[in-house]
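Novice: Need the 3D shape of this:
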Amino acid sequence: MQEVLIPKMTVIGTGLIGGSLSLALKAAGEVGEVTGVGRGLANLETALELGVIDRFTQDAEAAVADADLVFLSTPVLTLPAMAARGLPHMKPGAILTDGGSVKEQIVAEIEPLLPEGIHFVPGHPIAGTERSGSSAAFASLYQDRRCILTPTEKTDAAALELVTRMWQAAGSEVVIMDVVKHDRILAAISHLPHMVAYALVNAVASDHRYGEDILKYSAGGFRDFTRIASSDPAMWRDIALSNREALLEMISSFETMLANLKEDIAAGNDDDLFNFFLRSKERRDALL
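Specialist: Predicted coordinates:
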């Protein structure tokens, strides 16, 4: 029988991200037994029924004791606390990695907690949907997506290689990046769009001039644009707070752009408006 990449893996947080990683590695034949850990018993039972995990427990300390790799997939601000709980109980040579959307603060808080012989490889898969929970997990979530790993000077080379191979087995292209660069880029391409979507929904829903909820008239454009506002509020609260500096910079930049657009509309600058929309269309089309 062919040896798997990760004989025993523990996933702390068996929702969309953690559950999909488990399913992807199972489909690739690169993981043995997967233990799920979480606070919600119903979600863990669903994960077991769907084959996302092989066993579960709500005792995180016991769950990590014999794991070769522990994947943290809980809200960003809880990651250091979860690491602090599990690290003292992990076996020598084991690897801790995560899927957090913010890296600088998380790495700074977790690295000092590492016992001798336990390795930490910070990571962030660039994938997801607005759905959550183990029932939302699916094996192809990471297929043809990027996963950013943000090793530091303290990151063990062999551990980095294994986590790289893990994400490649899940279908991802792995990119190595500095933590600061990661957080600045994600503030622009992920965190800002979510803030805009949430703000737009609340702005429209708060317009009471017509004495009714005008959201009921929304069609494809509004629904497509604001789809991500259906994402987990706790997760996005944590991301906004933990990547505050970079996110505020991007919000300020967006405010400037929106203010310029407002001025052109008010002044009736048809050429400027056309060129603005054209540049945006060309840049968006280039993504496809």
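Novice: For the stretch 1-150 of the chain, which segments count as helices?
Specialist: 16-28, 41-49, 60-64, 79-86, 104-110 (DSSP state H, counting those that start in this stretch).
Novice: Pick the most buried one from those.
Specialist: Compared across the helices of the stretch 1-150 of the chain, helix 16-28 shows the largest average neighbour count, a mean of 25 (mean count of other CB atoms under 10 Å). All C-beta atoms are positioned from the backbone trio N, CA, C, and that covers glycine.
Novice: ok, now which ones touch residue 214?
Specialist: The contact partners of residue 214, by CB atoms under 8 Å, 6 or more residues apart in numbering, come to 204, 205, 207.
Novice: re the thing from before, looking at the helices of the stretch 1-150 of the chain, which is closest to residue 143?
Specialist: Nearest to residue 143, of all the helices of the stretch 1-150 of the chain, is helix 16-28, at 7.8 Å by CB to CB.
Novice: and residue 165, that one's in a helix?
Specialist: Yes: counting by DSSP: H, G, I helix; E, B strand; the rest coil, residue 165 is part of a helix.
Novice: quick one: contacts for the nearest residue to it once chain neighbours are set aside?
Specialist: The shortest distance from residue 165 to any non-neighbouring residue, by CB to CB, 6 or more residues apart in numbering, is to residue 5 (6.0 Å). Contacts for residue 5 (CB under 8 Å, 6+ apart) come out as 25, 30, 31, 162, 165, 166, 169.
Novice: quick one: the third one and residue 3 touch, right?
Specialist: Same thing as residue 31. No: in this structure residue 31 lies outside contact range of residue 3 using CB atoms under 8 Å: 11.5 Å.
Novice: more neighbours, those two?
Specialist: The neighbour count for residue 31 versus residue 3, taken as other CB atoms under 10 Å, is higher for residue 31 (26 against 7).
Novice: so what's the more buried one up against?
Specialist: 4, 5, 6, 7, 9, 22, 25.
Novice: what's the burial count for the fifth one?
Specialist: Looking back up the chat, that one is residue 9. 28.
Novice: isn't it right up against residue 24?
Specialist: No: the pair residue 9 / residue 24 is not scored as a contact, 11.6 Å apart, by CB under 8 Å.
Novice: what sits against residue 65?
Specialist: Contacts of residue 65 (CB under 8 Å, 6+ apart): 89, 90, 91.
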